[in-house]
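In: predicted structure and sequence below. I'll ask about it afterward.
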Amino acid sequence: MKPISLLAVFAAFALAQTPHFENAKLETRALQAPLGTELARISGPAWAGYSVPAPKGRGINGCWNDGRGTFRGPAYLEGSPETSILYRVAQGKVEKIRPTSPECGIDAGGLPVYWFTNVAPKDSIAFLETQGEKGIVGIAMHADDSAVTTLIRLAKSAPDSKTRGQALFWMSQRAGDKAAQGITDAIENDPDTEVKKKAVFALSQLPKDEGVPRLIQVAKSNKNPAVRKQAVFWLGQSNDPRALVFLEEVSPSPAAPATAN
């Protein structure tokens, strides 16, 4: 391996922050086996976690203290540069997954916390993919390119509609050509009308130059009337000039007044 590559690897690990844990029995560990294997070894109940680079401008922004309105940690107006992925584990099984900002103070409720120092983003995403719906947000909070690819795969082939719908929403938050095409594919091909409607909403969340033309196309030509109606609704919410022109074109002309004989 070239020296520059080693430096890059060490720099990536150096970026990973350990959150400030409170009311916790913290143990820092280097990952010795695949992430799923390490988590399965924890009898629990306990929390385990690690930090990974967050997508630029999309990281979790700020920390709030259990609904009491107390702000904690720096407020990153462009999103935190990192995401901490936390798992609640009991008897070797993941019960909950909580993505958060590493700058947040975290109360672990007196439970042990195992903090892993060397989890590669691709390995993190691969494990989160196995967790179905509860892993979706965590996947979306990774900067690694494989996050979008994984969301596209889940949106297309996850066995349950909730997971597919969640994946579509978070694809829209990452934007980009691959995400837009994956959302459009779901509108055309998903067997569940509710998932199709969620995909239409996902289109409305894309930047307007990506989303509005696709919404217009859906409203014009999709075979499912519920999907067309949903597209028209979100076009109406967009306030985009192209959408307004289209809506005027498809609006029925007012009926001519009746004339007396």
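Out: Alright, I've got the coordinates.

In: what sits against residue 197?
Out: 226, 227, 230 (C-beta atoms under 8 Å, 6 or more residues apart in numbering). Where C-beta positions appear, they are placed from N, C-alpha and C, glycine not excepted.

In: sort out for me which of those are in helices.
Out: Within the contacts of residue 197, membership in helices is found for 226, 227, 230, as judged by DSSP state H.

In: most neighbours of all these, which one?
Out: Neighbour counts for the ones in helices among the contacts of residue 197 peak at residue 230, which has 25 neighbours (criterion: other C-beta atoms under 10 Å).

In: wait, that one sits on residue 201?
Out: Yes: the criterion here is C-beta atoms under 8 Å, and residue 230 meets it with residue 201 at 7.3 Å.

In: ok so, going back, including pLDDT, could the ones in helices among the contacts of residue 197 go into a markdown table?
Out: Shown next, in a markdown table, are the ones in helices among the contacts of residue 197 (pLDDT from 0 to 100):
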| residue | pLDDT |
| --- | --- |
| 226 | 96 |
| 227 | 96 |
| 230 | 96 |
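
In: of the residues you listed, closest to residue 181?
Out: Checking the ones in helices among the contacts of residue 197 against residue 181 with C-beta to C-beta, the nearest one is residue 227 at 17.1 Å.

In: secondary structure element for the closest residue to the closest one other than its chain neighbours, which one?
Out: Of all residues not flanking residue 227 in the chain, residue 196 sits nearest, at 4.9 Å (C-beta to C-beta, 6 or more residues apart in numbering). Assigned by DSSP states H and E, residue 196 belongs to helix 193-205.

In: care to break this structure down by domain?
Out: As assigned by automatic domain parsing, the chain contains the domains 1-144, 145-250.

In: least confident of the ones you listed, on average?
Out: In terms of average pLDDT, domain 1-144 trails the rest of the domains of the chain, at a mean of 80.

In: gap between that one and the chain center?
Out: How far domain 1-144 lies from its chain's middle: 15 Å, per C-alpha atoms, centre = their mean, to the nearest Å.

In: distance of the residue nearest to residue 227 relative to residue 26?
Out: Using C-beta to C-beta, to the nearest Å, residue 196 is found at 45 Å from residue 26.

In: higher neighbour count, these two?
Out: Shown here are residue 196 and residue 26; by other C-beta under 10 Å, residue 196 has more neighbours (22 against 14).

In: what's the closest of the ones in helices among the contacts of residue 197 to residue 207?
Out: So of these, ranked by how close each gets to residue 207 (C-beta to C-beta), first place is residue 230, at 19.3 Å.

In: quick one, what contacts that closest one?
Out: 196, 197, 200, 201.

In: ok, so of those residues, who is nearest residue 44?
Out: Using C-beta to C-beta, the contacts of residue 230 come closest to residue 44 at residue 201, 36.8 Å.

In: neighbours of that closest one, just the number please.
Out: Residues near residue 201, counting by other C-beta under 10 Å: 17.

In: does it really touch residue 166, like I thought?
Out: No: using C-beta under 8 Å, residue 201 makes no contact with residue 166, being 11.8 Å away.

In: can you pull the buried residues of the helix holding residue 196?
Out: Neighbour counts over helix 193-205 (16 or more other C-beta atoms under 10 Å) mark 195, 196, 197, 198, 199, 200, 201, 202, 203, 204, 205 as buried.

In: who touches the first one in this structure?
Out: So that's residue 195. Residue 195 sits next to 161, 164, 165, 168, 186 when contact means C-beta under 8 Å, 6+ apart.

In: top of those residues by neighbour count?
Out: Neighbour max across the contacts of residue 195 (other C-beta under 10 Å) = residue 168, 30 neighbours.

In: that one and residue 217: what is the separation?
Out: In terms of C-beta to C-beta, residue 168 sits 17 Å off from residue 217.

In: repeat for residue 98
Out: 38 Å.

In: just the strands in the protein please.
Out: Ranges of strands in the chain, per DSSP state E, are 20-22, 25-29, 46-53, 63-64, 71-72, 82-90, 93-100, 105-107, 112-116.
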